[in-house]
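In: give me coordinates for this.
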Amino acid sequence: MVLWLDSFSTLFAPQQAEDALYLLRLAGLTVHVVHPNSQPGMVLDSGRSLLTFGLVDETRQLAKQLLNILSPHVAAGLSIVGLEPSSLLMLRDEYKTLGLGQPAVALAKQALLFEEFIAAELTRGGFQLPFQAGKITQLVLIHGHCHQKAIGAMKSVRRVLKTVPELEFSFIESSCCGMAGTFGLEAEHVDYSHQMAQQSLVPALQASPDALVVSNGFGCAHQIKVTAQRATLHLATLLRQALAEYTLPT
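Out: Next up is the predicted model:
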């Protein structure tokens, strides 16, 4: 399979990229890694941030570059797996509307979120990892990114978490965290953004102050840190911490 490391995961949250790669290899998979600097002289990126600002031509150019790198793997029948929902799902949705032809259609069929890929492997009887029962003693709260919720990927998150014995987890019932791409970073929208977070997300976090918080979305994680002063984990990091061999920090 291919682990496609988007710009957010590579440049801002490299730990989650390292943890995902570790888990996939531990499960016995051959992993081809594609990251922003895989091609000399260019930055491989989904174009999500550019498209947010309406820069369609620039987005299309980035998409073509990434397609050129990923298409041989797609032709070989490999799954293209990503960690950041907003970036990976560009490959499955928006790329098909950018006039990129059959390569984009083929890529969309093989592009999977990390949790979707693991859930599919579990269905096939694979992805057996040495989790330790009761290793993580805290309640785990999961906040879903809007893109995860829109495609029904939270079911895959649940399926994956159920493989960790004695793990207590709960999904936060909330709407958008309020970040919404760059919306929550723009000065004229910050107050509205924080108000959205305060509707249900922040109260849920405050109700369980000792819980671990899982949030796969980079923007969501930032919003939670700013509005609730809580650190978050990517699903990959939580799973690695549940391994018998992993030493939890004190």
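In: tell me the helices and strands packed up against the biggest helix by length in the chain.
Out: The longest helix of the chain (DSSP state H) is helix 56-75. Using 3 or more CB pairs under 8 Å, 6 or more residues apart in numbering; DSSP states H and E as the contact criterion, the secondary-structure elements in contact with helix 56-75 are strand 2-4, strand 32-34, helix 48-52, strand 80-82, helix 85-92, helix 102-110. C-beta here means a position set from N, CA and C on the backbone, and glycine is covered the same way.
In: run through who's touching the third one.
Out: If I follow you right, that is helix 48-52. The set of residues that contact helix 48-52 without belonging to it, under CB atoms under 8 Å, 6 or more residues apart in numbering, is 58, 59, 62, 86, 87, 90, 94, 181, 182.
In: at 10 Å instead, please
Out: Residues outside helix 48-52 that contact it (CB atoms under 10 Å, 6 or more residues apart in numbering) are 6-8, 55-63, 84-91, 94, 98, 147, 180-183.
In: mark which of those residues are buried, thanks.
Out: Neighbour-count burial (16 or more other CB atoms under 10 Å) is assigned, among these, to 6-8, 59-60, 62-63, 84-91, 94, 98, 147, 180, 183.
In: export only the CA atoms of the helix or strand bottoming out on mean pLDDT in the chain, formatted as CSV.
Out: Ranked by mean pLDDT, DSSP states H and E, the helix or strand of the chain with the weakest confidence is helix 190-199, at a mean of 75. The C-alpha atoms that make up helix 190-199 are tabulated as CSV, following Å, rounded to 0.1, in the frame of the first residue of the first chain:
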residue,chain,number,x,y,z
VAL,A,190,-12.7,34.0,15.0
ASP,A,191,-15.5,34.9,17.4
TYR,A,192,-18.0,33.0,15.3
SER,A,193,-15.6,30.1,15.1
HIS,A,194,-15.2,29.9,18.8
GLN,A,195,-18.9,30.2,19.4
MET,A,196,-19.4,27.1,17.2
ALA,A,197,-16.9,25.2,19.3
GLN,A,198,-18.6,26.3,22.5
GLN,A,199,-22.0,24.9,21.4
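In: may I see the buried residues of the helix or strand hosting residue 122?
Out: Taking DSSP states H and E as the criterion, the element that holds residue 122 is helix 114-123. Neighbour-count burial for helix 114-123, with 16+ other CB under 10 Å as criterion, is recorded at 114, 115, 116, 117, 118, 119, 121, 122.
In: of the residues you listed, which is the nearest to residue 213?
Out: Of all the buried residues of helix 114-123, residue 115 has the smallest distance to residue 213: 16.0 Å, by CB to CB.
In: now do the contacts for the closest one.
Out: Residues in contact with residue 115 (CB under 10 Å, 6+ apart) are 81, 83, 85, 148, 153-161, 216, 235-236, 239.
In: go with 7 Å
Out: Residue 115 sits next to 153, 156, 157, 160, 235 when contact means CB atoms under 7 Å, 6 or more residues apart in numbering.
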